[in-house]
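Engineer: turn this into a structure:
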Amino acid sequence: IRDRYIQDVLSIPSGQAVKLDIFHVNRDAKSSLILKTKRALIKTVTGRLIEKHIGYTRISSFLPQTPIDLRKVIEDLEHQAEGKLQGWIIDLRDNPGGDLQAAVDSVDLIMDSGIITTILDGEGKIHNLYYASSGDAARGLPIVLLINPETASAAELFAAALQDNKRALILGNPSFGKDTIQTTHAANGGG
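Structural biologist: As a prediction, this is how the structure comes out:
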């Protein structure tokens, strides 16, 4: 199967059927498979209560669904604690980063105001400036962020935004230190 066809299959919406024709070069034979596409949900946010009053949340990476999952975990733990939470631990250890917008939206959930991040172009000019909107799903409770040398990229942005805005205290070892982001752009000819 050529890469081009794999990309086409991966971009088919969930729930649709796809027929794959497989050509066996060594046997000069062909077989077909009918596959039904399904959205793979990777759970990036988990949580639990520690001693009934501390919300522990682990974010393993930042994918588009992460802000939605984070809000749900916060709400679930608030409910379990019957509104008696005293603070949050957010664990970003071994988080390699991921989607920039997911990290920005996740920060926005727990920051009531302030600059989340500034993105500069190659010449040092402001390309994007992200501000927090009002509303703090964590209700202003203290937050401790756990990081380690494998905390990188969008996870570092998440941690830096909360630290710079005095919304969280960071504990752990220095993070990876990635200070750049990359984006993908379609090339002419479908590349």
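Engineer: tell me the secondary structure for Ala159?
Structural biologist: Following DSSP: H, G, I helix; E, B strand; the rest coil, we place Ala159 in the helix state.
Engineer: and the gap between the closest residue to it other than its chain neighbours and Gly172?
Structural biologist: Using C-beta to C-beta, 6 or more residues apart in numbering and skipping residues adjacent in sequence, the residue nearest Ala159 is Leu145, 5.1 Å away. C-beta: built from backbone N, CA, C; applies to glycine. According to C-beta to C-beta, to the nearest Å, Leu145 stands 8 Å off from Gly172.
Engineer: stretch 148-155: which residues count as buried?
Structural biologist: 148, 151-155 (16 or more other C-beta atoms under 10 Å).
Engineer: got a list of what the residue nearest to Ala159 touches?
Structural biologist: 90-92, 158-159, 162-163, 168-172 (C-beta atoms under 8 Å, 6 or more residues apart in numbering).
Engineer: again, but for Asn165
Structural biologist: Taking C-beta under 8 Å, 6+ apart as the test, what Asn165 contacts is 111, 114-115, 132.
Engineer: quick one, phi/psi of it?
Structural biologist: phi -100, psi 10 (degrees, to the nearest 10).
Engineer: now do the contacts for Ile59.
Structural biologist: Contacts of Ile59 by C-beta under 8 Å, 6+ apart are 44-45, 66, 70, 90-92, 95, 106, 155, 158.
Engineer: nearest to Phe23, of these?
Structural biologist: Thr44 (37.4 Å; C-beta to C-beta).
Engineer: burial measure for that closest one, as a count.
Structural biologist: 23 (other C-beta atoms under 10 Å).
Engineer: now swap in Gln101 and tell me
Structural biologist: 14.
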